[in-house]
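Trainee: Mind folding the following:
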Amino acid sequence: MSKSIYGIDFGTSNIKIYSGLTRTTINERNVVAIKNKNELFSYGNEAYTMYEKNPDSIQVVFPIKEGVIADLKNMRYIFENLYMDITKGTRMGRFCIAVPSDVTDVDKRAFYDVVSKSQIKPREIKIVEKPIADAVGVGVDITSPKGNMIVNIGSSTTEISVISLGGIVISKIIKMGGSRIDELIQEIVKKRYNILIGLKTAEKIKISLADAMYNEDEESDPETDEEAEDLIYVFGRNIITGLPSERAIAKDTICEHIGQFFDTIVDAIKSLLERTPPELSADIMNKGIYLTGGSARIKNLDQMIASETELHVNRVDNPENSVIRGISLIMSDTKYRKLMYDPGRISL
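Mentor: Numbers count the residues shown, from 1 in each chain. All right, here's what the predicted structure looks like:
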């Protein structure tokens, strides 16, 4: 196959594009800044720096909502510009796009249309189900009759799938991901500390303090700096005085409030396990669950899921890149190419 191959994981908060020519992946925020309603101002990471800081004349847009494309025009802006950044103007490439499995054909077609109707003029476009690419990316033998469960916890959705013989046996998407934790943190900081913070600050708190198995009753070691690690200082607006304010946010407060998120994820996993054929359930018991997606990095999330399901949970390196890693292997290795299919299979 030609080296002019490109894999795309549109994601939700981040878009990733793999280049077969350089064998590198670009990973940028999935956001675009529009000036005066129709003028492209910025895109990717640079546009994200403007989020929650932009004047009225600049609109910061996230074109993907809950795992599907909500704004086709702006999604195309992001794709075209990032593609031109990594190719320096090369056109007519071959593409493979990862699409969620448990969505409508209309939603799947939208991912295809971003590329097919762009100014890139692609030579060929193939589709691969996202859980399939995810499984290849974590090193699962996708052609084996053994069953494997993949749990991908992304920014706004969690996709849980059971895979066997190169196909998806059963799959479920729940509209909850890491961004829901950010919203919960916003709520508790406002309620408990009377401080209004933005989602970017909430994300910072999540990265620093979120712990799926935090136990506030555990005694900290006085010889360590563990107590300092249980606090983070953030700036926001005091809702009583209306003035800027700095406040220390406690880990126990955050972890107590976000527990409902982890309960929802575990309930969804258990629900899918109950619908899984018995023979595949036995395979999953032997091999465990594979935890992927950016939110898989939350501290002790694997241990919490393992405790609640009584199954081993496999953590993978760079879990946020498992899908794009899988796409690069599918496009580059002949034994995986049959996993891709033509968009004509998507009926409308």
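Trainee: Point out where the stretch 151-300 of the chain drops to low pLDDT.
Mentor: Residue ranges of the stretch 151-300 of the chain with pLDDT under 70: 216-228.
Trainee: mind listing the strands for it?
Mentor: Remark: strands assigned in the stretch 151-300 of the chain by DSSP state E, counting those that start in this stretch are 158-164, 167-174, 195-196, 231-238, 244-250, 289-292.
Trainee: which helices and strands sit right next to the fifth one?
Mentor: It refers to strand 244-250. Counting by 3 or more CB pairs under 8 Å, 6 or more residues apart in numbering; DSSP states H and E, the packing neighbours recorded for strand 244-250 are helix 178-193, strand 231-238. All C-beta atoms are positioned from the backbone trio N, CA, C, and that covers glycine.
Trainee: Tell me what the closest residue to residue 59 other than its chain neighbours is bridged to.
Mentor: Spatial nearest neighbour of residue 59, excluding adjacent residues (CB to CB, 6 or more residues apart in numbering): residue 34 at 4.7 Å. Beta-bridge pairing of residue 34 under DSSP bridges involves residue 40, residue 59.
Trainee: For residue 34, report the pLDDT, please.
Mentor: pLDDT, residue 34: 96.
Trainee: mind listing what it touches?
Mentor: By CB atoms under 8 Å, 6 or more residues apart in numbering, the residues touching residue 34 are 40, 41, 58, 59, 60, 61, 74.
Trainee: which of the residues you listed tops the neighbour count?
Mentor: Among those, residue 74 has the most neighbours (other CB atoms under 10 Å), with 22 neighbours.
Trainee: Next SSE downstream of the helix or strand where that one lies?
Mentor: Using DSSP states H and E, residue 74 sits within helix 72-87. Next along the chain after helix 72-87, taking DSSP H and E as the criterion, comes strand 94-99.
Trainee: Mind listing the strands that next one pairs with, and their directions?
Mentor: The pairing partners recorded for strand 94-99 under DSSP bridges are strand 5-9 (parallel), strand 124-129 (parallel).
Trainee: closest one to residue 210 among these?
Mentor: When the strands paired with strand 94-99 are compared by CB to CB, strand 5-9 sits nearest residue 210, at 23.7 Å.
Trainee: Just give me the residue right at the centre of this protein.
Mentor: Taking CA atoms, centre = their mean, the centroid of the chain lies closest to residue 154, which sits 2.8 Å from it.
Trainee: Next one: it from residue 246, what distance?
Mentor: 32 Å (CB to CB, to the nearest Å).
Trainee: what pLDDT does residue 1 get?
Mentor: Listed pLDDT for residue 1 reads 48.
Trainee: ok, now the one 4 residues further on?
Mentor: The predicted structure scores residue 5 at 91 on the pLDDT scale.
Trainee: I'd say it and residue 330 touch.
Mentor: No: look at residue 5 against residue 330 with CB atoms under 8 Å: they stay out of range, at 10.1 Å.
Trainee: so what's in contact with these two at the same time?
Mentor: Here residue 5 and residue 330 share the contacting residues residue 96, scored by CB under 8 Å, 6+ apart.
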